[in-house]
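K.L.:
any chance you could fold what I've pasted below:
(chains A and B)
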Number of protein chains: 2
Amino acid sequence: MVKALIFDVFGTCVDWRTSVAAEVAAAGLAVDPLAFADAWRGEYQPAMERIRAGARGYVPLDDLHLENLHIISGRFGVEVDETLNSAWERLDPWPDVVAGLQSLREHVLIAPCSNGSIGLMARLARHARFPWDCILGADIARDFKPVPDVYRASCAVLGLATDEVMIVAAHNDDLAAARDAGLRTAFVPRPLEYGPDQAIDLTPQSDWDIVAGDFIELAERVAQQAV
Amino acid sequence: MVKALIFDVFGTCVDWRTSVAAEVAAAGLAVDPLAFADAWRGEYQPAMERIRAGARGYVPLDDLHLENLHIISGRFGVEVDETLNSAWERLDPWPDVVAGLQSLREHVLIAPCSNGSIGLMARLARHARFPWDCILGADIARDFKPVPDVYRASCAVLGLATDEVMIVAAHNDDLAAARDAGLRTAFVPRPLEYGPDQAIDLTPQSDWDIVAGDFIELAERVAQQAV
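P.N.:
Next up, the predicted model:
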């Protein structure tokens, strides 16, 4: 029996792309806001990879976002105010997420398992009205997904075995790593995460335990299993 | 400006003594429930001290509670069901706590900084209806208060400096350790934590930043400072 659902956040729970672009536009930068958002996010995996590979000690994602902002603003040839970094704390949820989480919360513990810091996730939860029971993920293991310990440590601090925890993500690679770490898996596609031309993660790439169209359907499926 | 309030929980937010005693009585043990609760809690500091001193690796408080339950039930000469250990997830709050937290939450981030695990604190928050933004404390540092890193790591994962965070506790020693670690401090007395004969922590033993009679008054004081 699954006792907790833990969630990827960027892309799975929130539409980071149009949210960041809106903040970039509001900041008055003379750039294409969506291109700037895509470029900023494009530095996300490379920055974490140095830490996952052990070439750099753990630093929270907030700091990586700020470093990447400086890199990108240089590339676009614009001056930015560092306060723009807090755009990542004001990402808007996909329309099904809050209602789905409230329904899921009646059956299981719910928590983010994100590469974002606890502070970032707490502030984002205030903005997006996510009713988390606690915040798990990178800060718990001081490493970044898909390193197995991030998933395992998140289960351990709940006092649960890995097979009592299900991860929810819109990304097949996140689910694959979590399954290898012993967790159950649920895929919810977000075909617009990267915009209208998205080519990856449009469909489940494996036999995940649950495949649901959105968080409302996910909640219905979990409720059935909990009966 | 204080941006987050973090809270001691056992004694400060919840009345562990009469709550545990009620669970002991409901379990039908042939013991004095309050004496059993006091004895169980009496093993709390010695069990953590071995870990703080480095004589044992970190284990979550849930496990220490269970070990201590076996010790105490042997001493009282009774057989217990291990499910009694979950009594610590169903502690009742002092009557001012939930309203105070809801009011405080309008001004600052709020989180427990307890020696309890994230899982224990999450389940207790469900029972007691604590509206935490996230859960900090022992599991973040893999050590127990009053080790300085528990306070410092709790501030760090919020992305805040220690002097941007205030700890709230009914225990002068907790506040002293947190102040030494750089945090601000608020004392709220809980004169019945240990029952009607309590002799310690009845009054503030230092010039804490705030001394308030309950969480309602605490919220009023924090709101004034936030103006």
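
K.L.:
so when I look at residue A:25, I'm seeing a helix, right?
P.N.:
Yes: checked against DSSP: H, G, I helix; E, B strand; the rest coil, residue A:25 lies within a helix.

K.L.:
residues touching the nearest residue to it once chain neighbours are set aside, list them.
P.N.:
Take residue A:25 and drop its neighbours on the chain: the residue closest to it by Cβ to Cβ, 6 or more residues apart in numbering or on different chains is residue A:33, 4.3 Å away. Heads up, the C-betas are built off the backbone N, CA and C, glycines and all. Contact partners of residue A:33, counting by Cβ atoms under 8 Å, 6 or more residues apart in numbering or on different chains, are A:21-22, A:24-25.

K.L.:
which of those count as buried?
P.N.:
For those, a neighbour count by 16 or more other Cβ atoms under 10 Å in any protein chain shown gives the buried set as A:21-22, A:24.

K.L.:
tell me which of the contacts of residue A:33 is nearest to residue A:175?
P.N.:
Nearest to residue A:175 among the contacts of residue A:33, counting by Cβ to Cβ, is residue A:21 at 26.9 Å.

K.L.:
I'd like to know how far the nearest residue to that closest one once chain neighbours are set aside sits from residue A:18.
P.N.:
Excluding the flanking residues, the one nearest residue A:21 by Cβ to Cβ, 6+ apart is residue A:33, at 3.8 Å. For residue A:33, the distance to residue A:18 (Cβ to Cβ, to the nearest Å) stands at 9 Å.

K.L.:
same question, residue A:113
P.N.:
Counting by Cβ to Cβ, the gap from residue A:113 to residue A:18 is 23 Å.

K.L.:
what residues does chain A have near chain B?
P.N.:
Residues of chain A found near chain B (Cβ under 8 Å from any Cβ of the partner chain) are A:60, A:62, A:109, A:111, A:117-123, A:125-126, A:132-136, A:139-140, A:157-160.

K.L.:
out of those residues, which are buried?
P.N.:
The neighbour-count test (16+ other Cβ under 10 Å) marks A:60, A:62, A:109, A:111, A:117-123, A:125, A:132-136, A:139-140, A:157-160 as buried among the residues of chain A next to chain B.

K.L.:
element containing residue A:167?
P.N.:
Per DSSP states H and E, residue A:167 falls inside strand A:165-169.

K.L.:
neighbouring strands of that strand in the sheet, and parallel or not?
P.N.:
Paired neighbours of strand A:165-169 in the sheet (DSSP bridges): strand A:4-7 (parallel), strand A:184-187 (parallel).

K.L.:
okay, buried residues for it please.
P.N.:
Here strand A:165-169 shows A:165-169 as buried, counting by 16+ other Cβ under 10 Å.

K.L.:
ok, the residue nearest to residue A:21 to chain B distance?
P.N.:
Relative to chain B, residue A:33 is positioned 25 Å away (Cβ to the nearest Cβ, to the nearest Å).

K.L.:
for the strands paired with strand A:165-169, which one ends up most surrounded?
P.N.:
Neighbour counts (mean count of other Cβ atoms under 10 Å in any protein chain shown) averaged over each of these peak at strand A:4-7, with a mean of 26.

K.L.:
of the buried residues of strand A:165-169, closest to residue A:186?
P.N.:
residue A:168 (4.5 Å).

K.L.:
isn't the closest one right up against residue A:8?
P.N.:
Yes: counting by Cβ atoms under 8 Å, residue A:168 touches residue A:8, with 6.8 Å between them.

K.L.:
quick check: buried residues in the longest helix along chain A?
P.N.:
Longest helix in chain A by number of residues (criterion: DSSP state H): helix A:61-76. Buried residues in helix A:61-76, counted by 16+ other Cβ under 10 Å: A:61-62, A:64-65, A:68-69, A:71-73, A:76.

K.L.:
cool, stretch A:49-61 as well?
P.N.:
Across stretch A:49-61, burial judged by 16+ other Cβ under 10 Å covers A:51-52, A:60-61.

K.L.:
hmm, back to that, need the buried ones among the contacts of residue A:33 in JSON lines (columns: pLDDT).
P.N.:
Formatted as JSON lines, those follow (pLDDT from 0 to 100):
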{"residue": "A:21", "pLDDT": "98"}
{"residue": "A:22", "pLDDT": "98"}
{"residue": "A:24", "pLDDT": "98"}
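
K.L.:
which one among the residues you listed gets closest to chain B?
P.N.:
residue A:24 (21.4 Å; Cβ to the nearest Cβ).

K.L.:
what's the distance between the closest one and residue A:71?
P.N.:
Using Cβ to Cβ, one gets 15 Å for the distance from residue A:24 to residue A:71.

K.L.:
now the worst-scoring helix or strand of chain A on mean pLDDT - C-alpha only, PDB.
P.N.:
Between all helices and strands in chain A, the lowest mean by mean pLDDT, DSSP states H and E belongs to helix A:215-226, at a mean of 93. The C-alpha trace of helix A:215-226 is given here as PDB (Å, rounded to 0.1, in the frame of the first residue of the first chain):
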ATOM      1  CA  PHE A 215      -3.700  15.100 -11.200                       C
ATOM      2  CA  ILE A 216      -7.500  14.700 -10.900                       C
ATOM      3  CA  GLU A 217      -7.300  11.400 -12.700                       C
ATOM      4  CA  LEU A 218      -4.200  10.500 -10.600                       C
ATOM      5  CA  ALA A 219      -6.200  11.200  -7.400                       C
ATOM      6  CA  GLU A 220      -9.000   8.900  -8.600                       C
ATOM      7  CA  ARG A 221      -6.600   6.100  -9.300                       C
ATOM      8  CA  VAL A 222      -4.900   6.400  -5.900                       C
ATOM      9  CA  ALA A 223      -8.200   6.600  -4.200                       C
ATOM     10  CA  GLN A 224      -9.200   3.300  -5.800                       C
ATOM     11  CA  GLN A 225      -6.000   1.600  -4.700                       C
ATOM     12  CA  ALA A 226      -6.500   2.900  -1.200                       C
END
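
K.L.:
in that helix, what counts as buried?
P.N.:
Buried-residue list, helix A:215-226, by 16+ other Cβ under 10 Å: A:215-216, A:218-219, A:221-222.

K.L.:
reformat these as JSON lines; add distance to residue B:95.
P.N.:
Formatted as JSON lines, these follow (distance: Cβ to Cβ, whole Å):
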{"residue": "A:215", "distance to residue B:95": "36"}
{"residue": "A:216", "distance to residue B:95": "37"}
{"residue": "A:218", "distance to residue B:95": "38"}
{"residue": "A:219", "distance to residue B:95": "34"}
{"residue": "A:221", "distance to residue B:95": "40"}
{"residue": "A:222", "distance to residue B:95": "35"}
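
K.L.:
quick one: the helices in chain A?
P.N.:
Using DSSP H, helices in chain A cover A:16-26, A:33-42, A:44-52, A:61-76, A:97-104, A:118-128, A:138-141, A:148-157, A:172-180, A:215-226.

K.L.:
quick one on the thing from earlier: so what secondary structure elements neighbour the longest helix of chain A?
P.N.:
Contact here means 3 or more Cβ pairs under 8 Å, 6 or more residues apart in numbering or on different chains; DSSP states H and E; on that basis helix A:61-76 packs against helix A:33-42, helix A:44-52, helix A:118-128.
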